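# The amino acid sequence is not available; the structure is as follows:
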């Protein structure tokens, strides 16, 4: 149950190369094959044959061969100069993000053998006139940065594709006064293709009560991972574990990819336990679970999970120290256990305000992190993107916390949050995924805001 990695399939790239016969086709074949080899070595599954399309009929035949394969990215490989009809035709035939790849050319004083750059320039103009989004790379096949850029676009393309098949479970309603967690079902369907399934809290409570006596084995398993679990009152601990089982059952039965749960006050008042520990375990299991029925927050966690391949954490920004240029991100105790600093213990604890278990208490591990938020503070959806370094530090508060140094001065970050009226929840994942998030925003015609 304690996940270390959220399994993802290989990135799938449609690969179509085109050229004009009046240029150096032998050189074009050479660079095309080198590009395919570089992508395969980077772990891509390539869909499409290793031939050059020199006319639109051949190009159409190549795209028909891609039709039955869900693609994360469509690479239009500009092996030599062509007119813009090749790239335009690709976007008309394939529903996948287009990335045009052109090759630099040696300045030999002799023949211009490929003229590949001019080809993608011509295509970019035609696509822009048609309102078609595209991505581009101008680099040789052995360029590591180019492969990283293509990988980021492909990860974004996979997230875009998966969003259109996503079902989000929302349990209960957001608490009064928490407009930042407000759900707009029609906007999520229209802008992202996400479907929402609503559940009543009473359904979760009934499921939890039904399995409450069956969590002994789970408690024993977690006892080896979570310090102090046996010292906590058994009945509310078992209640939290039963909530974990109930929410997982609910998600599996309804085919939900993520959950947004109204976590208070009813879990305390009706079940006598905290939902936080259950949500931490679900996040660890790579079933993103956002608190306070924050649908956009849970979706942001899901996007980060798809892109990073690891669990994500929905958290609050609770303290900023401008002189030290650091901030504290915190929540009651629902972070995935994989984010715990290995130099300290994961402890089971009591909710800070309600004094009931089970919450997870630990400091976040040091390392590079990416911050994101699907925000509706501007009226429509936009993607907030930031990055920073999680510092090695003891827990700042009870629950789960980490000391974060943003890439920008923390005073500027806070000023942006307040001036823009951003939501109080942000999502966090380890690694630098800002390029993929920006590519995703472009694919979704969504504005971005930098933290």
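Perfect, thanks for sending it. In this text the structure is predicted, and so the values were computed from the model without any measurement.

# quick one: average pLDDT of the helix or strand harbouring residue 244?
Secondary structure from DSSP states H and E places residue 244 in helix 234-254. In this model, helix 234-254 carries a mean pLDDT of 95.

# again with stretch 197-215
93.

# What's the end-to-end length of that stretch?
27 Å (C-alpha to C-alpha, to the nearest Å).

# for it, which positions count as buried?
199, 201, 204, 205, 207, 208, 211, 212, 215 (16 or more other C-beta atoms under 10 Å). C-beta coordinates here come from the backbone N, C-alpha and C atoms, glycine included.

# Then stretch 233-250?
For stretch 233-250, using 16+ other C-beta under 10 Å, the buried residues are 236-248, 250.

# what's in contact with it?
Contact partners of stretch 233-250, identified using C-beta atoms under 8 Å, 6 or more residues apart in numbering, comprise 169, 171, 199, 203-204, 207-212, 214-215, 218-219, 222, 229, 256, 259, 261, 267, 271-279, 281-282, 285, 287, 289, 348, 356-358.

# Give me the buried subset of the residues you listed.
Applying 16+ other C-beta under 10 Å to those flags 169, 171, 199, 204, 207-208, 211-212, 215, 218-219, 222, 229, 256, 259, 261, 267, 271, 273-279, 281-282, 285, 287, 289, 348, 356-358 as buried.

# Keep only those of those that are in strands.
Judged by DSSP state E, the subset of the buried ones among the contacts of stretch 233-250 located in strands is 169, 171, 199, 259, 261, 289, 348.

# Who are the packing partners of the host helix or strand of residue 118?
Assigned by DSSP H and E, residue 118 falls within helix 116-129. Applying 3 or more C-beta pairs under 8 Å, 6 or more residues apart in numbering; DSSP states H and E, one finds that helix 116-129 contacts strand 73-78, helix 85-93, strand 98-102, strand 135-138.

# Need the contact partners of the next helix or strand after the last one.
This points to strand 135-138. Counting by DSSP H and E, the element after strand 135-138 in chain order, helix or strand, is helix 144-163. Contact partners of helix 144-163, identified using C-beta under 8 Å, 6+ apart, comprise 8, 11-13, 38-39, 42, 44, 70-73, 75, 96-97, 99, 101, 135, 137, 139-140, 192-194, 257, 303, 306-307, 433, 435-437, 439-440, 442-444.

# Return the subset of those lying in strands.
Those of the contacts of helix 144-163 lying in strands (DSSP E): 12, 13, 73, 75, 99, 101, 135, 137.

# re the thing from before, min pLDDT across the ones in strands among the buried ones among the contacts of stretch 233-250, which one?
Within these, pLDDT is lowest for residue 348, at 92.

# List the residues that contact the closest residue to that residue other than its chain neighbours.
Once flanking residues are discounted, residue 348 sits nearest to residue 229: 4.3 Å by C-beta to C-beta, 6 or more residues apart in numbering. Counting by C-beta under 8 Å, 6+ apart, residue 229 touches 219, 222, 223, 237, 348, 358.

# can I get these in TSV with distance to residue 20?
Shown next, in TSV, are the contacts of residue 229 (distance: C-beta to C-beta, whole Å):
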residue	distance to residue 20
219	68
222	63
223	68
237	70
348	67
358	66
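
# Check the residues you listed and tell me the two furthest apart.
Pairwise distances across the contacts of residue 229 (C-beta to C-beta) peak at 11.8 Å, for the pair 223 and 358.

# Quick check: the two most widely separated of the ones in strands among the buried ones among the contacts of stretch 233-250?
Pairwise over those, using C-beta to C-beta, the maximum falls at 199 and 348, 26.8 Å.

# Under the pLDDT cut-off, which ranges of the chain? List them.
1-5, 7 (pLDDT under 70).

# the domain parsing of it - what is it?
Residue ranges for the domains of the chain, per automatic domain parsing: 12-146, 167-450.

# now, of those, which is deepest in the fold?
domain 167-450 (a mean of 20; mean count of other C-beta atoms under 10 Å).

# roughly how far out does that one sit from the chain middle?
The chain centroid and the centroid of domain 167-450 are separated by 13 Å under C-alpha atoms, centre = their mean, to the nearest Å.

# now the buried residues of stretch 197-215 as JSON lines including distance to residue 391?
Output for those, formatted as JSON lines (distance: C-beta to C-beta, whole Å):
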{"residue": "199", "distance to residue 391": "38"}
{"residue": "201", "distance to residue 391": "38"}
{"residue": "204", "distance to residue 391": "37"}
{"residue": "205", "distance to residue 391": "40"}
{"residue": "207", "distance to residue 391": "40"}
{"residue": "208", "distance to residue 391": "37"}
{"residue": "211", "distance to residue 391": "40"}
{"residue": "212", "distance to residue 391": "40"}
{"residue": "215", "distance to residue 391": "36"}
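
# can you map out the helices along this structure?
25-41, 56-66, 85-93, 116-129, 144-163, 185-192, 201-211, 216-223, 234-254, 266, 276-284, 295-308, 410-420, 434-443 (DSSP state H).

# Okay, angle between the last one and strand 73-78 too, please.
Relative orientation of helix 434-443 versus strand 73-78 (axes from the mean of the first three to the mean of the last three C-alpha atoms, to 10 degrees): 90 degrees.

# Report the inter-axis angle for helix 434-443 versus strand 98-102.
Going by the same axes, to 10 degrees, helix 434-443 makes 120 degrees with strand 98-102.

# angle of helix 434-443 against helix 144-163?
Using the same axes, to 10 degrees: helix 434-443 against helix 144-163 is 50 degrees.

# And for the longest one?
For helix 234-254 and helix 144-163, the angle between their directions (the same axes, to 10 degrees) works out to 90 degrees.

# ok, back up a step: identify, from the buried residues of stretch 197-215, the entry nearest to residue 178.
Checking these one by one against residue 178 (C-beta to C-beta), the nearest turns out to be residue 201, at 15.6 Å.

# residue contacts, the nearest residue to that closest one once chain neighbours are set aside?
Excluding the flanking residues, the one nearest residue 201 by C-beta to C-beta, 6+ apart is residue 172, at 4.5 Å. Counting by C-beta under 8 Å, 6+ apart, residue 172 touches 199, 200, 201, 261, 262, 266, 293.

# give me that answer again for 10 Å
Shown in contact with residue 172 (C-beta atoms under 10 Å, 6 or more residues apart in numbering): 198-204, 260-263, 266-267, 292-293.
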